[in-house]
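Enquirer: okay, predicted coordinates and the sequence, questions at the end:
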Amino acid sequence: MKAGSKKWIAAVGAACLVLGSTGIVQAADMALKAIAVKVKLLAGDSEVKLEKDAVTIGGDLYVPVRAMGEALGQEVAWDQKSKTVKLKAYPYVTGKYTWTNPPSLGKGLNEGGFSGLLHMPGDPDNVFYTLADRGPNGLITIGESVNRTFPVLDYIPRFYKIKLNGSQIQILETTKLTLPEGKTGVVSKSRFTTGLSNVGSDEKSYDYSGKELQPLDPDGLDLEGIAYSPSDDTFWMADEYRPSLIQLKRDGTIISRYVPVGDKAMLADAQIPVVEAIPAIYSKRIVNRGFEGVTISPDGKFLYASIQSPMAVPDKKTGEASRNLRILKMDLATKQLVGEYVYVAEDAKAFVNVSQKDVVISDLQALSDNVLLVDERDKNEGAAAQIKRVYRIDLSKATNVLNKSDISANVEGVSDWKAKGVTTAPKELIVDLTALDYPFEKFEGLTVVNKNTIAIANDNDFAVGEYDANGVLQTTGKQTQVWVIKVKNLW
């Protein structure tokens, strides 16, 4: 890239060159000499490393185009066949992959509902794990009551190993969650668990018609996030119901369920070992707004879990108006919590037709012991969507409020954190999916492939629509997709 004028300097923007010592090399054109120049290339305050020295030829300065592209936030690609250099501004989409043939679940419904996404280090770049939630469910009005229906009552919560192949999502493995060896579910009457509600204070579960109330299942799970622990080769999943954290083996056998203090007694008939390890206040989560994201640091030491939206603390009205969400940190060696941090969501008043209660966290991805990516979204879709974002946060720069009882007991009600002496998680925007024309409402899966690549997935809610006037459940045709996106260096 030639640098020989003020116009060039203006085009570089925040990039800056500092000249140092020189050396002489022979140019291809013998009439000119290329003089190697030791320069420092700065993009803002950060230095961009040069793989090769810059040179001057005839008084003009030439800098390696790849380094200049990186300084300007663009990827540089060389096409040998056409002898073309291509620059692409980050972020940009490199692939969209669709689940075109999901298996049937009966009653005109198919599998779907990707609620999290995980790329495991060491796996090929196109291989991931994902999971589905409690199964297809809808809402039907019966008299004056709006009831939650579970059209496929024998649905078993499950996770998948998938491959992105061509333009499609290929299912490599489907693993259904099972109770510990020798255990039989009180509702399933088998080793499998269900997606039905746990206790009476949960949303009630009805059959397809919306008229027949289903039994409560103390082992029922509504799975929303997936993470992998390299230290013991187990998966961890986030559950919305209690909320809880589930540890399980690769074959789907559940090891234990970590719940808020005081919840174990409500699950007296559970066949899954129940451990009270989460602060009691988390039992005040708003119904269907429990744990949504879970991730584990690359070294396997720490687990992070995020609540989907502010809790009903001290009441539901306060929670729905609040912007303050909680992220927990667990030491996996001891299974003890060591941190709680405040994440402040975007202010709905700054957008059009966005309700604060619908600005939520849908997934997490750990980059290091303290640095995470956060999936924050609104409830809108298509052109109406305004918040579909990936932020990077550094919790080493945030206040740990776990042992600050006066703060932790009232996170949702605080409006002035500075006055409380608390630093909330600092947010840095990495990707705005609305700028990439992302069409889906439920951007719920987020994972990292490498320092320049992320992948995201949507929950299509099993393509469940509304009931018609005859009580027949309609489908929407919404697809399940995984997108691969190039981003500037994540670390």
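Expert: Nice, thanks for sending it over.
Enquirer: shaky segments in the chain?
Expert: 1-31 (pLDDT under 70).
Enquirer: so what's the residue nearest to the spatial centre of it bridging to?
Expert: Among the residues of the chain, the one closest to the centroid is D363, at 2.7 Å (C-alpha atoms, centre = their mean). With DSSP bridges as the criterion, D363 is bridged to D375.
Enquirer: what's the answer for I454, then?
Expert: V448, I485.
Enquirer: i'd like the first residue to be 19 from this point on
Expert: I'll keep to 19 as the first residue from here, and by that count the last item is I472.
Enquirer: for E230, see how far away it is.
Expert: 43 Å (C-beta to C-beta, to the nearest Å). No exception for glycine: its C-beta is placed from N, CA and C like everyone else's.
Enquirer: so between the two, which is more surrounded?
Expert: I472 (24 against 12; other C-beta atoms under 10 Å).
Enquirer: so the more buried one touches D381, yeah?
Expert: No - assessed by C-beta atoms under 8 Å, I472 is found out of contact with D381, at 10.9 Å.
Enquirer: what sits in contact with each of these two?
Expert: Contact criterion C-beta atoms under 8 Å, 6 or more residues apart in numbering; residues shared by I472 and D381: L464.
Enquirer: quick one: the helices in the stretch 269-418 of the chain?
Expert: 334-339 (DSSP state H, counting those that start in this stretch).
Enquirer: same check, this time on the stretch 69-218 of the chain
Expert: 83-89.
Enquirer: could you pull out the strands for it?
Expert: 72-75, 78-80, 92-97, 102-107, 110-116, 122-124, 127-128, 132-136, 145-150, 156-160, 163-167, 176-183, 186-194 (DSSP state E, counting those that start in this stretch).
Enquirer: across the sheet, point out what pairs with I180.
Expert: Beta-bridge partners of I180, as defined by DSSP bridges: F146, I189.
Enquirer: next one: it from T193, what distance?
Expert: 12 Å.
Enquirer: K114 contacts S185, doesn't it?
Expert: Yes - counting by C-beta under 8 Å, K114 does reach S185; the two are 6.9 Å apart.
Enquirer: tell me how many other residues surround S227.
Expert: S227 has 14 nearby residues by other C-beta under 10 Å.
Enquirer: er, A427 actually
Expert: Count around A427 with other C-beta under 10 Å applied: 14.
Enquirer: so what's it up against?
Expert: I299, V331.
Enquirer: please redo it, this time with the cut-off set to 7 Å
Expert: I299 (C-beta atoms under 7 Å, 6 or more residues apart in numbering).
Enquirer: over to A245?
Expert: Applying C-beta under 7 Å, 6+ apart, the residues contacting A245 are L136, F253, W254, V312, T313, I314, L321.
Enquirer: tell me how far the fourth one lies from G140.
Expert: When you say that, I think you mean V312. 20 Å.
Enquirer: which of those two has more neighbours?
Expert: Neighbours around V312 and G140, counted as other C-beta under 10 Å, are more numerous at V312. The numbers are 28 against 7.
Enquirer: so the more buried one is in contact with W254, correct?
Expert: Yes - contact criterion C-beta atoms under 7 Å: V312 and W254 qualify, at 5.6 Å.
Enquirer: show me where the stretch 319-468 of the chain has strands.
Expert: Using DSSP E, counting those that start in this stretch, strands in the stretch 319-468 of the chain cover 320-325, 342-349, 354-362, 378-384, 389-395, 406-412, 445-450, 461-468.
Enquirer: tell me the helices and strands packed up against the fourth one.
Expert: Strand 378-384 is packed against strand 309-314, strand 320-325, strand 389-395, strand 461-468, with contacts defined by 3 or more C-beta pairs under 7 Å, 6 or more residues apart in numbering; DSSP states H and E.
Enquirer: can you check the longest one too?
Expert: Using 3+ C-beta pairs under 7 Å, 6+ apart, the elements in contact with strand 354-362 are strand 342-349.
Enquirer: same question for the first one.
Expert: The contact analysis (3+ C-beta pairs under 7 Å, 6+ apart) places strand 320-325 against strand 309-314, strand 342-349, strand 378-384.
Enquirer: okay, the strands of the stretch 69-218 of the chain, which one's buried deepest?
Expert: strand 132-136 (a mean of 28; mean count of other C-beta atoms under 10 Å).
Enquirer: any idea how far that one is from the chain center?
Expert: Centroid separation for strand 132-136 versus its chain: 7 Å, with C-alpha atoms, centre = their mean, to the nearest Å.
Enquirer: now stretch 142-153
Expert: Distance, centroid of stretch 142-153 to centroid of chain: 12 Å (C-alpha atoms, centre = their mean).
Enquirer: show me the contact partners of it.
Expert: Contacts for stretch 142-153 (C-beta under 7 Å, 6+ apart): 129-138, 168, 170, 173, 175-182, 213, 239-242, 244, 255, 463, 465, 467, 473, 475.
Enquirer: let's go with 6 Å and repeat that
Expert: Defining contact as C-beta atoms under 6 Å, 6 or more residues apart in numbering, one finds that stretch 142-153 is touched by 131-137, 170, 173, 176-182, 213, 240-241, 244, 467.
Enquirer: and if you look at stretch 280-295?
Expert: Contacts to stretch 280-295, defined as C-beta under 6 Å, 6+ apart, come from residues 197, 201, 203-204, 217, 236-237, 260, 272, 274-277, 279, 298, 301.
Enquirer: please convert the buried members of those into PyMOL selection syntax.
Expert: Buried residues among these (16 or more other C-beta atoms under 10 Å), as a PyMOL selection:
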select buried, resi 197+201+203+236+237+260+272+274+275+276+277+301
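Enquirer: closest to F458 among the contacts of stretch 280-295?
Expert: R260 (27.3 Å; C-beta to C-beta).
Enquirer: and that closest one, which helix or strand is it part of?
Expert: R260 is part of no helix or strand when elements are defined by DSSP states H and E.
Enquirer: got a list of what it touches?
Expert: V277, D281.
Enquirer: which residue sits closest to R84 in space, ignoring its chain neighbours?
Expert: Nearest non-adjacent residue to R84, counting by C-beta to C-beta, 6 or more residues apart in numbering: V94, 4.4 Å away.
Enquirer: which residues does the one you found contact?
Expert: So V94 contacts V83, R84, G87, L105 (C-beta under 6 Å, 6+ apart).
Enquirer: returning to that earlier point: can you redo the strands of the stretch 319-468 of the chain as JSON lines with distance to A61?
Expert: JSON lines is the format used below for the strands of the stretch 319-468 of the chain (distance: least, C-beta to C-beta, whole Å):
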{"stretch": "strand 320-325", "distance to A61": "30"}
{"stretch": "strand 342-349", "distance to A61": "30"}
{"stretch": "strand 354-362", "distance to A61": "28"}
{"stretch": "strand 378-384", "distance to A61": "25"}
{"stretch": "strand 389-395", "distance to A61": "20"}
{"stretch": "strand 406-412", "distance to A61": "17"}
{"stretch": "strand 445-450", "distance to A61": "15"}
{"stretch": "strand 461-468", "distance to A61": "20"}
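Enquirer: for the ones you listed, which one sits closest to K101?
Expert: Closest to K101 of the strands of the stretch 319-468 of the chain is strand 461-468 (C-beta to C-beta; 27.7 Å).
Enquirer: thinking again about what came up before, dump the strands of the stretch 69-218 of the chain to CSV, plus distance to A330.
Expert: Shown next, in CSV, are those (distance: least, C-beta to C-beta, whole Å):
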stretch, distance to A330
strand 72-75, 60
strand 78-80, 62
strand 92-97, 45
strand 102-107, 43
strand 110-116, 38
strand 122-124, 33
strand 127-128, 32
strand 132-136, 22
strand 145-150, 26
strand 156-160, 21
strand 163-167, 19
strand 176-183, 30
strand 186-194, 33
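Enquirer: alright, I will stop here.
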